[in-house]
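*Asks:* how would this look folded up:
(4 chains)
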There are 4 protein chains.
Amino acid sequence: MAGSTIGTIFRISTWGESHGKALGVVIDGCPAGLALSEADIQPYLDRRKPGQSKFTTPRKEADEIEILSGVFEGKTTGTPISMILYNTSQQSRDYSEIASYYRPGHADYTFDAKYGFRDYRGGGRSSGRETAARVAAGAVAIKLLKELGISFTAYTRSIGDIEISYENFDADEITNNMLYMPDKDASEKAGEYIEAISKEHDSIGGVIECRISGVPAGIGDPVFDKLDANLAKAVMSIGAVKGVEIGDGISVSKKKGSEDNDSFKLSSDNTIIKNTNHAGGILGGISDGSEILVRASFKATPSILKEQATVNKEGEEISVSIKGRHDPVIVPRAVVVVEAMTAITILDSILINMSSTIDNIKAFYDK
Amino acid sequence: MAGSTIGTIFRISTWGESHGKALGVVIDGCPAGLALSEADIQPYLDRRKPGQSKFTTPRKEADEIEILSGVFEGKTTGTPISMILYNTSQQSRDYSEIASYYRPGHADYTFDAKYGFRDYRGGGRSSGRETAARVAAGAVAIKLLKELGISFTAYTRSIGDIEISYENFDADEITNNMLYMPDKDASEKAGEYIEAISKEHDSIGGVIECRISGVPAGIGDPVFDKLDANLAKAVMSIGAVKGVEIGDGISVSKKKGSEDNDSFKLSSDNTIIKNTNHAGGILGGISDGSEILVRASFKATPSILKEQATVNKEGEEISVSIKGRHDPVIVPRAVVVVEAMTAITILDSILINMSSTIDNIKAFYDK
Amino acid sequence: MAGSTIGTIFRISTWGESHGKALGVVIDGCPAGLALSEADIQPYLDRRKPGQSKFTTPRKEADEIEILSGVFEGKTTGTPISMILYNTSQQSRDYSEIASYYRPGHADYTFDAKYGFRDYRGGGRSSGRETAARVAAGAVAIKLLKELGISFTAYTRSIGDIEISYENFDADEITNNMLYMPDKDASEKAGEYIEAISKEHDSIGGVIECRISGVPAGIGDPVFDKLDANLAKAVMSIGAVKGVEIGDGISVSKKKGSEDNDSFKLSSDNTIIKNTNHAGGILGGISDGSEILVRASFKATPSILKEQATVNKEGEEISVSIKGRHDPVIVPRAVVVVEAMTAITILDSILINMSSTIDNIKAFYDK
Amino acid sequence: MAGSTIGTIFRISTWGESHGKALGVVIDGCPAGLALSEADIQPYLDRRKPGQSKFTTPRKEADEIEILSGVFEGKTTGTPISMILYNTSQQSRDYSEIASYYRPGHADYTFDAKYGFRDYRGGGRSSGRETAARVAAGAVAIKLLKELGISFTAYTRSIGDIEISYENFDADEITNNMLYMPDKDASEKAGEYIEAISKEHDSIGGVIECRISGVPAGIGDPVFDKLDANLAKAVMSIGAVKGVEIGDGISVSKKKGSEDNDSFKLSSDNTIIKNTNHAGGILGGISDGSEILVRASFKATPSILKEQATVNKEGEEISVSIKGRHDPVIVPRAVVVVEAMTAITILDSILINMSSTIDNIKAFYDK
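*Replies:* The predicted model follows:
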């Protein structure tokens, strides 16, 4: 099926394989009049680009984004924005080995089960490289939302057992260290841990958190298209995510109502606000004006040098060691992907919300 | 926006408020030829019916489902199945108090923010009562999937700190106790705990787990419509859910690749299977033939007798105690809702999957 | 598949068979705050109700609409509006004859081909009776659009060869005659013609025209979701329609550019208007501020007393005469259906349009 | 809004402006395993390429299609097929004149009304050039349908008053003449007529017909997603189309039931067929196994040298003559576009249909 498209009004469709000619995204439904150029998008791509640090794969991709349509005289026209990234550095290496067996933790087996065969070069469509296209689209959404006063702070919350301390939380630190952690100490410890795990030919998982401020109350829909439901889908659609949480997340299962309910009060300017934010900014699927908090748990990189059991195409049980250097942890490069997916989701809800009352519609059409 | 519809091929739309005349669901896209009557659906509704035990609200609803269309001579016709539940027992009590302020933890404030006003009777559209319509649709999906050899086991995994022991796991016990726990000991302890918490005028959260067996490998799509992404949306769209996990869920964030990867082997009949199932039956968004495991964390019932701070419509800070008896824990009655939402999602993916290869299409059309 | 749902933001789903218990519609996405009651909707249903005149089937249905959800204290809440019509008068007559063969011009054969069997009572889901649900939804759309200054004039343009004269066009006459023609002379001639054709045990086709005024320029989207494309789908989805035209319609194929182009000029208040309206109010799929004109060609009622050849379920060629009295012409009762479908389509486009520019979005969110 | 996407399972999204860097299409949901290369697609693009004859604009575009993703080792993988066409020959000419006023019959005014400004170079997104992307996607659909025994015959039925004679119908002649008419005499007369109309600095409309054979009975859905409704949208979404007809089309409005009904009979191999095909192969929105017949009426090219009145951006009434050579008739180059849009629509319905009965689903999953 389709499956490569998400969104209703602001709708994106990604395409492309890890080792094909190129990959890209078409954004359909971006409002007209937004100032936009490649320079707005490139910094986001650079955040997930490989080869940036010792913790990431040394594959060197220029990852230069090119806008092919939908922008005229520096502004979006309202028509589809097509963006492309060429795969410049994939070597014509020999994939026959990977083609011959199913890598544990990868989608090799399930692709074959579904489609009868697969593009086995570097993971094909299920490669993390596909997320570059999401990031490009997300950069557009983030820019537009900024004009509405909505901003995003995404970061690595933990790697393995090493978690940031909220007391040391320093937003400026996020882009200062290669792990995108808002806590210098934690990032250093995590760095050492990753080096150790690499030497063991192993990999490790982690948690990404994204905070969104400035979303007005009233965004999202009450039943299936709850804002948190759509965020859950958007974030769970990132490969390697196995858990999604909103606000206090799974810890609410152990809390009492009196602990978990956020009581209301009045702000100094008499607007209604909450004393706490256990709900993560969403009540009944609709934003409540507080900060929105989304959290994603990522599994470890499945490609490891350590020996693993598997089955080959001849139907024989074999033991494999995945060669090639791979990121020992997916999390740091995925921070911007989580930010992109939440931005795409929230923008779509913001646009959908405009027709929620007859009064708003009459005001819009000046009747 | 729409928002009350979910699914692509097997698509359901729910409607109705807690204290309106009725509520219901329209299933569009149910295949023709499925034997179906109210008797197939009623048992599922009975599982979430109020007034069943001392742990649930004493509101007495007959909750008798009626099929209005889409079934002829005992079989589905392929056209929309409309089902209705009348609200028979809501009393014409005085809601003016609830109408006058915003209940903490409820959607009262966000509905007003979005729509300018709200149906304040019993939560209106955001009431848990809406899920009765989902359960009716889910019962149809479950029946159809059973014919394909796919079955569901959903249960309460924990209430507060009290968790089932997998060593004591007894599927037959699930419907034997009022908490739908597959562990007699745990259910007894949880029962005592709930009684205690009720006396404190408080409430408590919990975790529901759903296991699906028999799903063939190859179901789901690789990018945004990953099977786990769609499950995450479906489950997070249930009010009170704040976290969704697949397989090992958030614990993967602390695991190494060598611990988390499921290695492949051959079964006795030479099909490819996995040695473990940390992935919860889904790799790269596509089912791998193992049991699918979904877990949802529910917050405590927000309606509590305990005093809470809030704001009223006159813009005054007040203190409230929510009267009326409410379930001290949502979880037991929500078990069948989680089962329903996962079934609806999996059935839709099963139907979509039929056109994934040209060979399958040619075989279908006999070319 | 789904197939019983239309619209993106203002989305309707119909359900129900001709001779089932009831039929109805769920409107999802109706903005909150619209004053609405059954009294707003009933007059539209009365316009298509059977048994109104000598030209229509004498089946007597009360066709009393009931709103089951989505309206509170006289106003829409923004949540799904569910409406129901009970089938009160279908007799438990013997359908075994109709069940035994395929009526020419009907969907009997194609339903069996698709679904393996069919609800043979009175056409089941493909009965014209399904359009009652569309009319109920359309009445809501028309009421909302009226508040935006948009109004509809739909009427019978021709029956067989008898066409209205635009010189005699009298909008007040439309509801004065049983054929909904805006020309008294034409309606009288058409009435006589229908009587004659009935005596021949035959039926006749006709044309319905719908004019929409007040739609501002800028509504609709440039590529697949052109306003005219969506209108074409909405109108062609009415059973018995075999042709849809916008503005000058098929006659443009014989016109020169210099004849067909509508030149622009300035109105007295300096807004841009057109000298003519061959385009029917839509240019490049987007409304141009002129009257929108849609035309639908309906085939004759396929149920006729005249002998016809067909095949029965035993695979024998037989000759049949369709008993029971049927409308000798579908057109008069379908006028309000065309009006409903165009209103539903235009309202959806009106709502979607609100997010077309960044300036509008910023103004809406007051940034 | 989105608006540049069509289809449910086989879904295409086009992007690109007439004078931007490139244009293209992403096909999402193409089944895996179809042999595909650029060579399968290029011949279709060549049929609509400009500069082919004296009747078309001399703009010379290589229009070489390039597949960027979704094909591996010569076969589709089931993942998105991205295809691109570079705009190689647009000159950096001066568009300031066209930018300064609204061309009659074009979308200049409506784009400005909707988006606040427009890409004025050569029509931007509303240029006929956008249809090249549809043709590329259509070529894939046509190839796949061919494997199911479904084939398309599209041609020019008339230009102005000059219509083909069905007695002279010669399918081989279609690609023999520059007007794609299946009647040599008519094509010669039409050619002379177009030359004459060009000398008058004018243009002319015409009719395209498309016949589809081999579609099995049972394709399409009974209510809004009727096969004819979806065809009507797909074809009306082609710029310049003002009327769409199925089978006998608008002429049914003057016919009696006894004339218009297609009676059933048995074929020599005892399958049910029809004696005539007034219905154009669709009954109740579902294919009946006969040839499907769709007809589209195109208006004349709106760009003409003849003087026309209009308004400029300064709000002054002016007189303009559209310079640059334009096709005096759109129809011949649009034949392949109609074929593409009908193929895309029918393929989508064919895939959706696979889950219409429980028996088919059980057979598919071998239960």
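
*Asks:* Could you find the residue in the stretch 101-250 of chain A that comes nearest to chain C?
*Replies:* Nearest residue of the stretch 101-250 of chain A to chain C: residue A:148, at 5.2 Å (C-beta to the nearest C-beta). Just so you know, the C-beta spots here come from the backbone N, C-alpha and C atoms, and that holds for glycine as well.

*Asks:* Residue A:101 is in contact with residue A:320, isn't it?
*Replies:* Yes - using C-beta atoms under 8 Å, residue A:101 is in contact with residue A:320, at 6.1 Å.

*Asks:* for residue A:123, what are its contacts?
*Replies:* A:18, A:106-107, A:129 (C-beta atoms under 8 Å, 6 or more residues apart in numbering or on different chains).

*Asks:* May I ask which of the residues you listed has the most neighbours?
*Replies:* With neighbours defined as other C-beta atoms under 10 Å in any protein chain shown, the most crowded of those is residue A:107; it has 27 neighbours.

*Asks:* about what we covered before: neighbour count for residue A:101 and residue A:320, which is higher?
*Replies:* residue A:320 (22 against 19).

*Asks:* My guess is that one contacts residue A:103. True?
*Replies:* Yes - the criterion here is C-beta under 8 Å, and residue A:320 meets it with residue A:103 at 7.3 Å.

*Asks:* Need the residues touching each of residue A:101 and residue A:320.
*Replies:* residue A:310.

*Asks:* any common contacting residues for residue A:320 and residue A:103?
*Replies:* With C-beta under 8 Å, 6+ apart, residue A:320 and residue A:103 have common neighbours residue A:310.

*Asks:* quick one: the residue in the stretch 1-150 of chain A that chain C sits nearest to from residue A:66, how far?
*Replies:* Distance from chain C to each residue of the stretch 1-150 of chain A (C-beta to the nearest C-beta) is smallest for residue A:33, at 4.1 Å. Shown here: residue A:33 relative to residue A:66, a distance of 22 Å by C-beta to C-beta, to the nearest Å.

*Asks:* how many other residues sit next to residue A:166?
*Replies:* With other C-beta under 10 Å as criterion, residue A:166 counts 9.

*Asks:* now the one 4 residues further on
*Replies:* Around residue A:170 sit 12 other residues, with neighbours defined as other C-beta under 10 Å.

*Asks:* again, but for residue A:46
*Replies:* Residue A:46 has 14 neighbours, counted by other C-beta under 10 Å.

*Asks:* Excluding sequence neighbours, find me the nearest residue to it.
*Replies:* Distances taken as C-beta to C-beta, 6 or more residues apart in numbering or on different chains place residue A:63 nearest to residue A:46, at 7.3 Å, with adjacent residues excluded.

*Asks:* just checking, the one you found touches residue A:47?
*Replies:* No - the criterion here is C-beta under 8 Å, and residue A:63 misses it with residue A:47 at 10.4 Å.

*Asks:* buried stuff in the lowest-mean-pLDDT helix or strand in chain A?
*Replies:* None of the helices or strands of chain A scores lower by mean pLDDT, DSSP states H and E than helix A:96-100, at a mean of 85. Buried residues in helix A:96-100, counted by 16 or more other C-beta atoms under 10 Å in any protein chain shown: residue A:98.

*Asks:* Helix or strand next in line after that helix, which one?
*Replies:* helix A:108-115 (DSSP states H and E).

*Asks:* how about the residue in the stretch 201-350 of chain A positioned nearest to chain B, phi and psi?
*Replies:* Nearest residue of the stretch 201-350 of chain A to chain B, counting by C-beta to the nearest C-beta: residue A:284, 2.4 Å away. Main-chain torsions, residue A:284, degrees, to the nearest 10: phi 60, psi 30.

*Asks:* what's the answer for the one 3 residues further on, then?
*Replies:* Summarising the backbone geometry of residue A:287 under the convention degrees, to the nearest 10, its torsions are phi -60, psi 150.

*Asks:* Which helix or strand lies directly C-terminal to the host helix or strand of residue A:197?
*Replies:* Taking DSSP H and E as the definition, residue A:197 sits inside helix A:184-199. Following helix A:184-199 in sequence order, the next helix or strand is strand A:206-213 (DSSP H and E).

*Asks:* ok, that next one near chain C or not?
*Replies:* No - on the criterion C-beta under 8 Å from any C-beta of the partner chain, strand A:206-213 is out of touch with chain C, staying 14.1 Å away.

*Asks:* buried residues in that strand?
*Replies:* Result for strand A:206-213 [16+ other C-beta under 10 Å]: buried residues A:206-212.

*Asks:* Off-centre distance for the least confident helix or strand of chain A?
*Replies:* Distance of helix A:96-100 from the chain centroid (C-alpha atoms, centre = their mean, to the nearest Å) equals 29 Å.
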